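K.L.:
Output the structure for:
(chains A and B)
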Amino acid sequence: MIVNYRCFNFFFPYLGLLGFRYSRAATVASPCGGHHYVTAPSAKPPQPQAGDVTEKILNQPLEKADFFRVAELFSLKDLFDARVHLGHKKGCRHRLMEPYLYGCRLDHDIINLDQTMEHLQLALNFTAHIAYRGGIILFVSRRRQFGHLVETTAKDCGEYAHTRYWQGGLLTNANIQYGPGVRLPDLIIFLSTLNNVFQQHVGIRDAAKMNIPTVGVVDSNCNPSLVTYPVPGNDDTPAAVELYCRLFKMTINRAKDRRKQMELIHGLSAPTSQIS
Amino acid sequence: MAALCRVVSGLRYRVRLSPRFLRNSFSSDSGPAESPISGFSAAFDHQEVLRRETQSNAAGPKASSLDPELSFAALLRRSPLIQMGPAKDAVVVGRVFRVVRDDLYIDFGGKFHCVCQRPAGADGLQPGSRVRLRLQDMELTARFLGASTDTTLLEAQAVLLGPLDGREHQIRD
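P.N.:
Okay, the predicted model is just below:
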């Protein structure tokens, strides 16, 4: 039985690899998922331990609502002190942002921080899950004032940033611009959804076209409709943007550390089963 | 965050206003032996009770364990920005965070910063020094012909009155 499986794997080395890790094919170890392609007579996989362990590591965070406890990272007072609730003037308001506004005071819009708390928690939780599963995260912001801050944030959490001019086919024409088989980001985080002429950033529309989920900080003059996880909040004050960068960095680092921890806990059994 | 302060008359107005609100919130806790309250104070007490009820029902366990005075509505109402009122001709304290030749970029606690020319002879104004400003506008916006939304300059406008407490000639650590 085991001899037969070994011959099978020898002739078809790539069949055992999980489909969604296309460009990382060479680095994923062989033991997982071999049972997908084995025919009817051998229904039970010969090496069950490693595949089940990976599945367990991937499924365990999905059982709890806030597995990474991202709600502890911030409080209403932190958001308030960072001036996240301040919006633009009434004349700059986008019609679709009206549900997220608390009100308008002397022509200045005030964003409802209770809603922001919920949306930010959802966004951070989603980011943590993506980082846990080894997804690529791209930080995008066209605000020149915060370009350096966004780039250093991305560097500190081991992810990527794009704070320069967005070429038209960056996501939609990637196979031709960067070569075939390019891996696109699994999540794009917009620290500001507008570009320098106050139009919606092209990346939001392109990410929606390429089925890439987006997290975006939407101010009172932005359009939140295409953003998957909008976070209504101020994107103009340095204090607010520093807060967002700090929160995303902490979430991603926390999720990655948790993954390493889980692999250590469960991974002690995986290498020994490969040898047999 | 740079503190907003008012000139003396403004302070007196704010101090006079706050005891009235405190008295109303305390009267809602006392028994019905008081004389019947009516009008604004009755409505205010009723709204306070409703607000606390909705907060305790709708808010998560974290919010209900905290003092209801730390709700967003309470924080907003007591914030200096709201207490200040209209921004026209309000005197505030700001902090210089960047100097580019003769331009001082000053942050006073609002959404945007303001940019002021350095007055002649005021070479002591360095990044980190505190100044007094008279605000004109918190955000410079205008609706131009043919536009559907306002065009914003992403800046506030203020007139520089001078360094705080005349500390211009002291050396800042």
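K.L.:
from chain B, which residue is nearest to chain A?
P.N.:
The minimum distance from chain B to chain A, using CB to the nearest CB, falls at B:D150 (3.4 Å). C-betas here are computed from N, CA, C, even on glycine.
K.L.:
Measure how buried that residue is and give me the count.
P.N.:
Other residues within reach of B:D150, judged by other CB atoms under 10 Å in any protein chain shown, total 19.
K.L.:
ok, now A:N112?
P.N.:
By other CB under 10 Å, neighbour count at A:N112 equals 18.
K.L.:
okay, residue 8: pLDDT?
P.N.:
Since you didn't name a chain, this refers to chain A. The confidence metric pLDDT takes the value 44 at A:F8.
K.L.:
To clarify, I was referring to chain B.
P.N.:
44.
K.L.:
And A:T27, by the same measure?
P.N.:
39.
K.L.:
again, but for the one 4 residues further on
P.N.:
On pLDDT, A:P31 comes in at 43.
K.L.:
Could you do A:Y5 as well?
P.N.:
Reading off the confidence values, A:Y5 has pLDDT 42.
K.L.:
got it, and B:D29?
P.N.:
With respect to pLDDT, B:D29 scores 44.
K.L.:
re the thing from before, and the gap between the residue of chain B closest to chain A and B:I37?
P.N.:
As judged by CB to CB, to the nearest Å, B:D150 and B:I37 stand 44 Å apart.
K.L.:
which bits of the stretch 151-276 of chain A sit near chain B?
P.N.:
The stretch 151-276 of chain A comes close to chain B at residues A:F198, A:N221, A:N234, A:D236, A:T237, A:A239, as judged by CB under 8 Å from any CB of the partner chain.
K.L.:
And for the stretch 1-150 of chain A?
P.N.:
Residues of the stretch 1-150 of chain A lying near chain B by CB under 8 Å from any CB: A:71, A:75-77, A:80-81, A:83, A:85-89, A:91-94, A:102, A:105-106, A:108, A:110, A:112-114.
K.L.:
go with 10 Å
P.N.:
If contacts are counted using CB under 10 Å from any CB of the partner chain, the residues of the stretch 1-150 of chain A sitting beside chain B are A:71-72, A:75-77, A:79-83, A:85-95, A:102-103, A:105-108, A:110-118, A:121, A:143, A:145.
K.L.:
related to what we said a few turns ago, okay if I get the residues of the stretch 151-276 of chain A next to chain B as CSV plus secondary structure and pLDDT?
P.N.:
Written out in CSV, the entries for those read as follows (DSSP: H, G, I helix; E, B strand; the rest coil; pLDDT from 0 to 100):
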residue, secondary structure, pLDDT
A:F198, coil, 93
A:N221, coil, 95
A:N234, coil, 96
A:D236, coil, 96
A:T237, coil, 96
A:A239, helix, 96
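K.L.:
Of those residues, select the buried ones using a PyMOL command.
P.N.:
Command for PyMOL that selects the buried part of those, burial taken from 16 or more other CB atoms under 10 Å in any protein chain shown:
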select buried, chain A and resi 221+234+236+237
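K.L.:
distance of the residue in the stretch 1-150 of chain A that chain B sits nearest to from A:R164?
P.N.:
The nearest approach of the stretch 1-150 of chain A to chain B comes at A:G91, 3.4 Å away (CB to the nearest CB). According to CB to CB, A:G91 and A:R164 sit 30 Å apart.
K.L.:
shouldn't B:Q136 be in contact with B:A90?
P.N.:
Yes: taking CB atoms under 10 Å as the definition, B:Q136 is a contact partner of B:A90 at 9.3 Å.
K.L.:
Now list whatever residues contact both of those two.
P.N.:
B:A158 (CB atoms under 10 Å, 6 or more residues apart in numbering or on different chains).
K.L.:
The two: which is more packed in?
P.N.:
The neighbour count for B:Q136 versus B:A90, taken as other CB under 10 Å, is higher for B:A90 (20 against 15).
K.L.:
Just the pLDDT at the more buried one, thanks.
P.N.:
Turning to B:A90, the model gives it a pLDDT of 94.
K.L.:
Same question for A:G16.
P.N.:
Looking at A:G16, its pLDDT stands at 40.
K.L.:
again, but for B:A122
P.N.:
76.
K.L.:
pretty sure it contacts B:L161?
P.N.:
No: using CB under 10 Å, B:A122 is not in contact with B:L161, being 11.2 Å away.
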